[in-house]
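Undergrad: Compute the structure for the input listed below.
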Amino acid sequence: MSVNPANQKVGNYRWMICALLLFAAILNYVDRQIIGILKPTLVAEFGWTDERIYSSIVFCFQLAYAIGFLFAGRFMDRFGVRFGFAIAVSVWSLAAMAHGLAHLVTDISIPVLNLDKNSGFAIVTLVSGAAGLAIARFALGIGEAGAFPASIKAVAEWFPRKERALATGIFNSGTNVGALVAPLIVPWILSHWGWQWAFIGTGIVGFIWVGWWLAVYRHPEEHPRLKPAELAYIRSDPIDPPAKISWLKLLTHRQTWAFAIGKFMTDPIWWLYLFWLPDFLNKTHGVEVTVSKMGPPLLAIYLIADIGSIGGGWLSSHWIKRGWTTNKSRKMAMLICALAVVPIVMAAQATNLWVSVLLISIAASAHQGWSANLFTLTSDMFPRKAVGSVVGIGGTAGAIGGMFIAMLVGAILQSTKSYVPIFVMAGGAYLVALLIIHLLVPKLEPAKLEEA
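TA: Numbering: from 1, shown residues only. Coordinates of the predicted model:
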């Protein structure tokens, strides 16, 4: 990352805040990724025979994530990032630890998508640990829903517009680091202490982060370590107009729907990577759940995805600094990312493990570059006071899409035993999403909110 002399003079404490957000994203995705890595172990441990049992557990997380996201953004806007984020991480850390008690919960029954003979739904009873895991995943989803509204709002508070995509890309790269760290540590914990401690350990680390966050984070105007010159640099953009930020009023703006539809169509593809890749590698290429076997493919995928997260954010920020319009810079970067996802349609048919890994790696990298720019659209189109709420609305839309794909993937695998149709859906989602975004906000103009 290049830093011009002016930035060096004003200070760089804002990047400390970015580092805090980065570590939160790492923890967030370690917690999410654990269950995907442990799926073969949990299937053997509890004797699950129906693919839809696992997809139902994933569905419970997505359902809670959708519900939580709907209110998390508003919560962050109303009560502030400092305490709001601390509460969110505390909730998800407790929920992560609760996974270790999954065997104590009695049976529950839920409807699942049925593609075998008749269309519609069937009833699956979650037994032998599945019920407890479903409840713990639900609680995890509620807590983790606060992560991105808090992080995007913190970036909007601490960074000028020209640096926001880069800052978002950096902290968002933590999602890849978390997904990368998990396959390195989870199999080791599994072999030494058992699967329960993989969940309990990450919960403990989450509470350590909460203490760090409360000690360091303040609003820029209130931070004792922020120099006046850097505060002036952070506030160098035009002042946001005073506005009444009504949650329902936000739904009347095309800008809100552009972001929400983009999330609805592309977030589920990332959930696909996160929750189903270990299963895909295990079933398609016989990769065992050990550090030596499962670690290298997932390491490659998420390491390359890190490049996309930072590179995608840097690309649009670079073009803006060179004089391109925000509209052209963001959409060009998103177009490049959308095109880079398309080759994933061949991943399920590749007979060589590392060809599949390469195709998925490129798609995952492109998703992260796409995501960095999509998130930044909220601060491009809305004042800071509304960013958390808009991110919450979009996050809910993305989680609803994730709910659908969780049930759909389980049903497709139960019916066809093939990942081919799943990767075909993934390949075209981004181009369609970008077209809809462009039609809704052709010039990426700011939303005209009602004046206070």
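Undergrad: pLDDT weak spots in this structure?
TA: Under the criterion pLDDT under 70, the flagged ranges of the chain are 1-8, 10, 47-52, 103-129, 239-245, 289-291, 450-452.
Undergrad: Determine which residue lies closest to the centroid of it.
TA: For the chain, Thr175 is the residue whose C-alpha lies nearest the centre (C-alpha atoms, centre = their mean; 6.7 Å).
Undergrad: next one: phi and psi at that residue?
TA: For Thr175, the backbone dihedrals (degrees, to the nearest 10) come out as phi -60, psi -40.
Undergrad: And it, how close does it get to Leu214?
TA: 23 Å (C-beta to C-beta, to the nearest Å). Bear in mind the C-beta positions are built from the backbone N, C-alpha and C, glycine included.
Undergrad: One more: Pro442?
TA: 43 Å.
Undergrad: Ok, Val58 next?
TA: For Val58, the distance to Leu214 - C-beta to C-beta - is 32 Å.
Undergrad: Settle it for me: which of those two has more neighbours?
TA: Val58 (28 against 13; other C-beta atoms under 10 Å).
Undergrad: quick check, that one in a strand?
TA: No. Assignment of Val58 by DSSP: H, G, I helix; E, B strand; the rest coil gives helix, placing it outside any strand.
Undergrad: all helices for the stretch 1-150 of the chain, in order.
TA: 5-10, 14-37, 39-46, 51-79, 81-98, 130-144, 147-158 (DSSP state H, counting those that start in this stretch).
Undergrad: Could you say which of those is packed most deeply?
TA: helix 147-158 (a mean of 28; mean count of other C-beta atoms under 10 Å).
Undergrad: now for it, which elements pack on it?
TA: Applying 3 or more C-beta pairs under 8 Å, 6 or more residues apart in numbering; DSSP states H and E, one finds that helix 147-158 contacts helix 14-37, helix 51-79, helix 81-98, helix 161-193, helix 353-381, helix 384-416.
Undergrad: Can I get those helices in TSV including distance to Asp279?
TA: As requested, the helices and strands packed on helix 147-158 are exported to TSV (distance: least, C-beta to C-beta, whole Å):
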stretch	distance to Asp279
helix 14-37	7
helix 51-79	8
helix 81-98	21
helix 161-193	13
helix 353-381	13
helix 384-416	8
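Undergrad: and of those, who's closest to Asp267?
TA: helix 384-416 (3.0 Å; C-beta to C-beta).
Undergrad: Give me the angle between the closest one and helix 353-381.
TA: Compare the direction of helix 384-416 with that of helix 353-381 by axes from the mean of the first three to the mean of the last three C-alpha atoms, to 10 degrees and you get 150 degrees.
Undergrad: ok, and for helix 384-416, which residues are buried?
TA: 384-403, 405-414 (16 or more other C-beta atoms under 10 Å).
Undergrad: So Ala147 sits against Ala25, correct?
TA: Yes. The pair Ala147 / Ala25 is scored as a contact, 7.0 Å apart, by C-beta atoms under 8 Å.
Undergrad: so can I have a markdown table of the helices of the stretch 1-150 of the chain showing distance to Lys227?
TA: Compiled in a markdown table, the helices of the stretch 1-150 of the chain are given as follows (distance: least, C-beta to C-beta, whole Å):
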| stretch | distance to Lys227 |
| --- | --- |
| helix 5-10 | 7 |
| helix 14-37 | 11 |
| helix 39-46 | 49 |
| helix 51-79 | 26 |
| helix 81-98 | 20 |
| helix 130-144 | 34 |
| helix 147-158 | 13 |
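Undergrad: right, so of those, which gets closest to Lys249?
TA: Comparing those by C-beta to C-beta, helix 51-79 comes nearest, at 12.4 Å.
Undergrad: residue contacts, the residue nearest to Ile34 when sequence neighbours are not counted?
TA: Setting aside the residues directly before and after it, Ile34 is nearest to Ala198 in space (C-beta to C-beta, 6 or more residues apart in numbering), at 5.2 Å. Each residue near Ala198 by C-beta atoms under 8 Å, 6 or more residues apart in numbering is listed here: 34, 38, 185-186, 189-190.
Undergrad: So which of those is the closest to Ala447?
TA: Distance to Ala447 across these (C-beta to C-beta) is lowest for Ile34, with 38.3 Å.
Undergrad: before we move on, back to that, Thr252: which of the helices and strands packed on helix 147-158 is closest?
TA: helix 384-416 (11.8 Å).
Undergrad: picking that back up, out of the helices of the stretch 1-150 of the chain, nearest to Arg322?
TA: helix 5-10 (16.0 Å).
Undergrad: tell me the contacts of Ile393?
TA: Ile393 touches 69-70, 73, 247, 250-251, 256, 259-260, counting by C-beta under 8 Å, 6+ apart.
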